[in-house]
Structures are given as structure tokens and as C-alpha cells.
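Asks: Got a sequence here, can you model it:
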Amino acid sequence: MSILVIAEHDNNTLNAATLNVVAAAQEIGGDITVLVAGSGAQAVADAAAKVAGVSKVLLADNAAYANQLAENVAALIAEIGKNYSHILAAATTSGKNILPRAAALLDVSMVTDIVAVVGPKTFRRPIYAGNAIATVESSEDIIVGTVRGTAFDAVAAEGGSATVETIGEVKDAGVSSFVNEEIVKSERPELAGARIVVSGGRGVGSGENYHKILDPLADKLGAAQGASRAAVDAGFVPNDMQVGQTGKIVAPELYIAVGISGAIQHLAGMKDSKVIVAINKDEEAPINAIADYWLVGDLNQVIPELVSKL
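Replies: Below is the predicted model of the structure:
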């Protein structure tokens with residue numbers, strides 16, 4: 001078997017989520033090739049070549065792939081992917097945008113959100129907002145799937161010695177164009193890959209109070225910050241901080257949920273965390289049922305006291 005892993009990157013750095021996808025590919029078994037589609041992305045290709053378990057790196061370096069436009073990258077994947085038994089990408093915003101288009105061009109169905117590999121064509125994936133795990137078997141000649149990174153331990157970023165091969169194929173669909181992007185700079189870790197996450201819900205009361213109460217705690221712990229959908233919908237914080245089924249899926253070593261009731265939608269995005277701490281004034285809050293530690297109290301008093309003792 002031969003497996004094509006789609007690298008996620010920003011033309012400068014290989015995203016750590018790619019290492020988790022390679023881990024899933026290793027469980028399937030076979031030769032692993034990583035596709036780097038970008039512009040000025042030689043450094044990314046070199047980094048991918050060092051990843052443990054990767055046998056070859058394909059570098060498609062062209063302005064058409066500079067901003068990872070899904071229409072262009074998907075067409076490239078569909079063309080190259082005909083020669084592979086499996087095509088995998090991370091179940092991130094980028095992967096979920098690109099891979100379904102590639103699957104459609106290849107005229108195959110997808111397996112989404114893979115959390116376990118049972119066999120070369122058999123996988124486990126969550127359904128019903130993560131309340132059940134389905135075992136699915138694909139009968140497609142080419143298996144196209146997204147991998148939930150939190151379910152697989154990342155392979156080593158060093159130790160590999162793959163060859164880098166430049167490919168000249170350019171697929172410019174000409175139906176979309178990059179306009180601009182707004183990047184929020186933060187000294188805190190990236191939410192999806194953080195070891196510690198501090199999240200706030202509707203219970204924090206307001207955006208001003210969210211930052212007043214939770215920023216000092218996150219700073220003390222060196223944590224990333226997240227939020228429930230209710231907090232995002234209320235305008236407390238931007239939607240890129242949302243944790244849940246329709247937000248980011250996280251599995252940090254420590255997840256602190258403050259003022260979060262624990263709706264199914266939110267639990268689907270964080271219940272795989274190693275240790276869950278819930279702080280809520282409602283002792284009947286559903287999140288308490290999955291929390292390793294929970295404290296019933298007023299977050300406006302509890303959190304400042306906790307920060308003072310750290």
C-alpha cells in the first residue's frame with residue numbers, strides 16, 4: 001500500500017498536526033509520501049523529509065498554491081492521488097476544506113474524523129457528537145480520509161531521511177482568489193496543540209469579565225484560551241477560540257472549564273483531555289459528570305484566589 005499525506009503548513013513551518021496524520025498512516029501500513037503544496041515552501045519540504053516514517057516528499061512549489069486555495073490544491077491532490085491507496089489529511093479547517101473536494105474529483109466517498117485504525121480499510125470515527133463510536137469499512141479503491149489529530153500520538157519530527165522530489169504540475173482552477181487575511185498575534189500557545197487550555201463559558205458574564213478573570217490564570221499556567229459556543233455566540237471572544245463539535249477539537253494534558261455548563265456540543269471537543277477541571281456555581285452542571293475535579297463556587301471569587309496561590 002502507498003499512502004499520501006497532505007502536509008499542513010504556512011509556507012514556512014510544517015504544522016504539528018501533520019505528525020499526527022503520519023502516525024495514523026503508519027498504523028495503516030505502507031510507504032508514506034507527504035505532499036507539500038505551497039509557494040516558497042522548500043523549508044517545509046525539508047522539515048517533512050525529516051519526519052520519522054516518511055519515505056518521500058513531493059513539493060509542488062507554485063504561486064497557485066501560495067494561499068492553499070482549496071480548489072487548486074484539491075485538483076492537484078486528485079491528479080497525484082490516483083497512484084495511491086490512501087489519501088489522508090488532518091481534520092482541521094484546512095483539511096476539511098480541501099479533502100472533500102479532492103474526493104469528489106476522484107469520485108470516491110470519504111471517511112471523516114478517523115480516531116482509530118482497525119485495518120487498511122476499516123476505521124473508527126465518532127458519531128452523535130462523540131457520544132458513540134462507529135466502526136466503518138470503506139469499499140473504495142482509494143481511501144480518502146481526515147484524521148483527528150488528538151486521537152494519535154505525533155511521530156518524531158526528526159530522524160527521517162526522505163527524498164524531496166519537485167513536481168511541476170500546476171492546477172489553477174481560476175474560480176477563486178485570495179483577498180486578504182487577518183492574523184491575531186498572541187504569545188499564548190496555539191489552542192489546538194496546547195498542553196493546558198483554560199476555557200470560559202456563558203457563566204463568565206461578559207467579554208470584559210472573560211479577560212479580567214481568565215487572562216491572569218492563562219498567563220500563570222502558560223495556557224491557551226478557549227471558549228464554549230455560548231460564549232462565542234454572545235460575543236465574549238472571537239470564534240477561533242471556540243472549542244466543540246463546530247469549533248476546535250482539543251485534548252490537552254489539563255483542561256480547565258470555567259463557567260461552562262457542558263452542553264454535548266462542547267463536550268465533543270474536549271472530553272478526551274487527560275485531566276478535566278470544572279469550576280461552576282451549578283452543582284448539577286453536566287460537565288461535572290466527566291470532570292476529574294470539579295468545584296462548585298463563584299468563578300469571580302474562585303479564580304482570583306486560585307491565581308494568587310499559583
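Asks: Where does pLDDT dip in this protein?
Replies: For the chain, residues meeting the criterion pLDDT under 70 lie at 183-186.
Asks: From residue 174, how far out is the most centrally placed residue in it?
Replies: In the chain, the centroid-proximal residue (Cα atoms, centre = their mean) is residue 92; its distance is 4.2 Å. Using Cβ to Cβ, to the nearest Å, residue 92 is found at 26 Å from residue 174. (Each C-beta comes from the backbone N, C-alpha and C, glycine too.)
Asks: Nearest residue to the residue nearest to the centre of the chain in space, please, no chain neighbours.
Replies: residue 17 (5.7 Å; Cβ to Cβ, 6 or more residues apart in numbering).
Asks: Might you report the residue contacts of that neighbour?
Replies: 8, 90, 92, 149, 192, 193 (Cβ atoms under 8 Å, 6 or more residues apart in numbering).
Asks: Next: residue 249.
Replies: When contacts are counted by Cβ under 8 Å, 6+ apart, residue 249 touches 91, 148, 149, 150, 192, 243, 268, 269, 270.
Asks: Helix, strand, or coil at the closest residue to the fourth one other than its chain neighbours?
Replies: Among residues not flanking residue 150 along the chain, residue 251 sits closest, at 3.6 Å (Cβ to Cβ, 6+ apart). Under the three-state scheme (DSSP: H, G, I helix; E, B strand; the rest coil), residue 251 adopts coil.
Asks: these two touch, right, residue 251 and residue 268?
Replies: No - Residue 251 lies out of contact with residue 268 (Cβ atoms under 8 Å); the separation is 11.7 Å.
Asks: hmm, back to that, tell me how many other residues crowd the residue nearest to residue 150.
Replies: Residue 251: 18 surrounding residues under other Cβ atoms under 10 Å.
Asks: which residues does the closest residue to residue 1 other than its chain neighbours contact?
Replies: Nearest residue to residue 1 in three dimensions, chain neighbours excluded: residue 30, at 3.3 Å (Cβ to Cβ, 6+ apart). By Cβ under 8 Å, 6+ apart, residue 30 lies in contact with 1, 2, 3, 85, 86.
Asks: 6 Å instead?
Replies: Contact analysis of residue 30 by Cβ atoms under 6 Å, 6 or more residues apart in numbering lists 1, 2, 3.
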